[in-house]
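Novice: need coordinates for the following:
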Amino acid sequence: MKKDVRLYNVLFPLWMLLLFPVTWIVVIPGNFIIDSIVLIVAMSILHFENKKEFYKRNIVKIFGVGIVSDLIGSVYMLVMMIVFELGSMGDEWYTTVPALLIASVLIYIMNYYISFKECDKKLRIKLALTFAIATAPYTFLIPSRWLYNY
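Specialist: Numbers count the residues shown, from 1 in each chain. The predicted model follows:
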């Protein structure tokens, strides 16, 4: 059986990864650890019976959803900055907050329809909402001027 696992999550905005490729060393394991912790805590709070099996079956999907969602939010910020010349490296709230919201909504939707599709509706909502809130890319809100002193 061939297993295809892809690990591309984005803890920092895309521009940070493009400017500082070494951050991937921290970003990938950091996001996997955060997703794992959130899933383990959620399963404990929601009194799951087969935690280990559920974790194994879903963590890669959850991680992939986070990757895609954060990447789309990052692309939104880049488009606003480059194409529409709004903002500078994601520093303005009118580019970062919508990017954060886009990523959060996508985390909810994709987890609901992909990661937790085998769960009943009530549980799907709880889990998808938990991940949308707990794993949203809040680092989008870190001003780049803190890094560049401009």
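
Novice: so the residue nearest in space to the middle of the chain is in which element?
Specialist: Per C-alpha atoms, centre = their mean, the C-alpha nearest to the average position across the chain is that of G66, at 3.3 Å. Applying DSSP states H and E as the criterion places G66 in helix 51-82.

Novice: I34 now?
Specialist: Assigned by DSSP H and E, I34 belongs to helix 24-45.

Novice: show me what that helix is packed up against.
Specialist: Of the remaining helices and strands, those touching helix 24-45 by 3 or more C-beta pairs under 8 Å, 6 or more residues apart in numbering; DSSP states H and E are helix 51-82, helix 121-134. For every residue, glycine as well, the C-beta is placed using N, CA and C.

Novice: would you mind listing the buried residues in the helix holding G66?
Specialist: Residues of helix 51-82 classed as buried: 54, 58-60, 62-74, 76-78, 80-81 (neighbour count, 16 or more other C-beta atoms under 10 Å).

Novice: for the chain, give me the ranges with low pLDDT.
Specialist: 1-24, 88-91, 145-150 (pLDDT under 70).

Novice: and the gap between the closest residue to L100 other than its chain neighbours and V97?
Specialist: Nearest residue to L100, sequence neighbours excluded (C-beta to C-beta, 6 or more residues apart in numbering): F140, at 5.0 Å. Using C-beta to C-beta, to the nearest Å, F140 is found at 8 Å from V97.

Novice: between these two, who's got more neighbours?
Specialist: Neighbours were counted for F140 and for V97 using other C-beta atoms under 10 Å; F140 has more, 26 against 12.

Novice: three-state assignment of that one?
Specialist: Here F140 is recorded as helix under DSSP: H, G, I helix; E, B strand; the rest coil.
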